[in-house]
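Peer 1: sequence and predicted structure are below.
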Amino acid sequence: KMHPIRLSIPSFRSENSSAEKGFTVFKIDVLVKGRLHSVEKRYSEFHALHKMLKKSIKPPEIPSKHVRNWVPKVLEQRRHGLELYLQTVIMENEVLPKIFLDFLNVRHFPSVPKTESCGKLSHQPVVVYLRDPYLLPSAHDTFSNVVIEGVVDGVFYPDFQPR
């Protein structure tokens, strides 16, 4: 079963502020139900997440805290390690801890839709026809039919890819 969350860490960048020594920010791309958003996190935030996750699940190993974090090759290894870390948490846990979803800026969603929560579902606007579009008299201008066909296809076959 595929998890509804997919993620990668495509890049990182170094931040240098005068107040403290430089640090690295990792960009996390998060894909949830076809929607992509990004969050940026420092290694220290991953480390804090790891400590919190230990309370509820058995997380994988996290890349070492003590590295020479100004060497590009070392940073690339850390990027890859952190990406693997997050992906492993997702793979090994059917239900993801709320702290993990918060870290990724993902609104909490139930892993299995519970029947009793139906009353609280967010309702989407629905297309309503006054008459059955399939029984409409064939109009003389073909354009209106194209529109209706497109709407009907979109409503009834949302996954259909036109050739």
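Peer 2: Great, that's in hand. Numbers count the residues shown, from 1 in each chain.

Peer 1: mean pLDDT per helix and strand in the protein: which one sits at the bottom?
Peer 2: helix 142-156 (a mean of 71; mean pLDDT, DSSP states H and E).

Peer 1: residues touching residue 24, list them.
Peer 2: Under the criterion of Cβ atoms under 8 Å, 6 or more residues apart in numbering, the contact list for residue 24 reads 12-15, 42-43, 69, 75, 78. To be clear about C-beta, it is placed using only N, CA and C from the backbone, and glycine gets the same treatment.

Peer 1: among those residues, show me the least confident.
Peer 2: Least confident of the contacts of residue 24 in the model: residue 69, at 62.

Peer 1: so of the contacts of residue 24, which ones are in helices?
Peer 2: Of the positions in the contacts of residue 24, 43, 75, 78 sit in helices, assigned by DSSP state H.

Peer 1: where does pLDDT dip in the protein?
Peer 2: 1-3, 17-20, 69, 108-145, 158, 160-163 (pLDDT under 70).

Peer 1: and residue 24, bridged to which residues?
Peer 2: Beta-bridge pairing of residue 24 under DSSP bridges involves residue 14.

Peer 1: show me the helices in this protein, by range?
Peer 2: Counting by DSSP H, the chain has helices at residues 43-53, 72-92, 98-103, 142-156.

Peer 1: quick one: residues in contact with the third one.
Peer 2: If I follow you right, that is helix 98-103. Contacts of helix 98-103 (Cβ under 8 Å, 6+ apart): 39, 41, 45, 49, 52-53, 56, 89, 93, 107-108.

Peer 1: the second one too?
Peer 2: By Cβ under 8 Å, 6+ apart, the surrounding residues in contact with helix 72-92 are 3, 5-9, 11-12, 24, 26, 28, 43, 46, 50, 53, 57, 59-63, 67-69, 96, 100, 104.
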